[in-house]
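Undergrad: Structure here, sequence nowhere to be found:
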């Protein structure tokens, strides 16, 4: 009996010093199979289908316009922007130019990441899409002038720059 109480005391002391290890050891001895003989669980390469994306409305700095993503489509002032066919997944939310008359965002559609710019919201200008080679989860859109957009984690750390003329 004395040897058994010594083992119990040691187990209690170990649990107090390293509770995570003690729980792991207890799980192992409960009869659960944790052996190395189990084959690893396989994951498919394809992601599950995403539900249609909805982002809260984003008002322009001037307060005259609103951009929003509803059901995987981008809308400006209630009108759908047709940058591509079908629904998109917005990777970087729409960003208004400082004067509130232009909008840009990053989207993924049909396996392709794109920077989309609507250069003049008031004139119903068609969107200008640019294919991006690679996009990180921390990339955002920054306006660097009237006709220049920077894509990257910060304005001074660009991964891509887009500029255009009228």
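TA: It's in. Keep in mind that what you see is a predicted model, and the values were worked out from it rather than measured.

Undergrad: And stretch 127-135, end to end?
TA: With C-alpha to C-alpha, to the nearest Å as the measure, stretch 127-135 spans 20 Å from end to end.

Undergrad: which sections of this structure are below the confidence cut-off?
TA: 1-52, 83-85 (pLDDT under 70).

Undergrad: Can you give me the domain assignment for it?
TA: If you go by automatic domain parsing, the domain ranges for the chain are 1-28, 55-163.

Undergrad: Let me have the ones you listed in a markdown table, adding mean neighbour count as columns.
TA: C-beta coordinates here come from the backbone N, C-alpha and C atoms, glycine included. Formatted as a markdown table, the domains of the chain follow (neighbours: other C-beta atoms under 10 Å):
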| stretch | mean neighbour count |
| --- | --- |
| domain 1-28 | 10 |
| domain 55-163 | 16 |
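
Undergrad: give me the element residue 162 is part of.
TA: Using DSSP states H and E, the element containing residue 162 is strand 160-163.

Undergrad: That strand packs against which elements?
TA: Counting contacts by 3 or more C-beta pairs under 8 Å, 6 or more residues apart in numbering; DSSP states H and E, strand 160-163 packs against strand 112-118, strand 128-131, strand 148-152.

Undergrad: any residues touching the first one, and which ones?
TA: Defining contact as C-beta atoms under 8 Å, 6 or more residues apart in numbering, one finds that strand 112-118 is touched by 74, 76, 81, 83-84, 91, 102-108, 125, 127-132, 134-135, 141, 149, 151, 160, 162, 164.

Undergrad: Could you spell out the sheet neighbours of that strand, each with its direction?
TA: Looking at strand 112-118 with DSSP bridges, its partner strands are strand 103-109 (antiparallel), strand 128-131 (antiparallel).

Undergrad: Same check on the last one?
TA: On the basis of DSSP bridges, the sheet neighbours of strand 148-152 come out as strand 140-143 (antiparallel), strand 160-163 (antiparallel).

Undergrad: my read: residue 140 touches residue 95, true?
TA: Yes: in this structure, residue 140 is within contact of residue 95 by C-beta atoms under 8 Å, at 7.2 Å.

Undergrad: rewinding a little: which of the strands paired with strand 112-118 sits closest to residue 120?
TA: Closest to residue 120 of these, according to C-beta to C-beta: strand 103-109, at 9.7 Å.

Undergrad: Give me the contacts around the closest one.
TA: Contacts with strand 103-109, where a contact means C-beta under 8 Å, 6+ apart, come from 60, 65, 67, 74, 76, 83-84, 86-97, 113-118, 121, 132, 135, 139, 141, 143, 149, 151.
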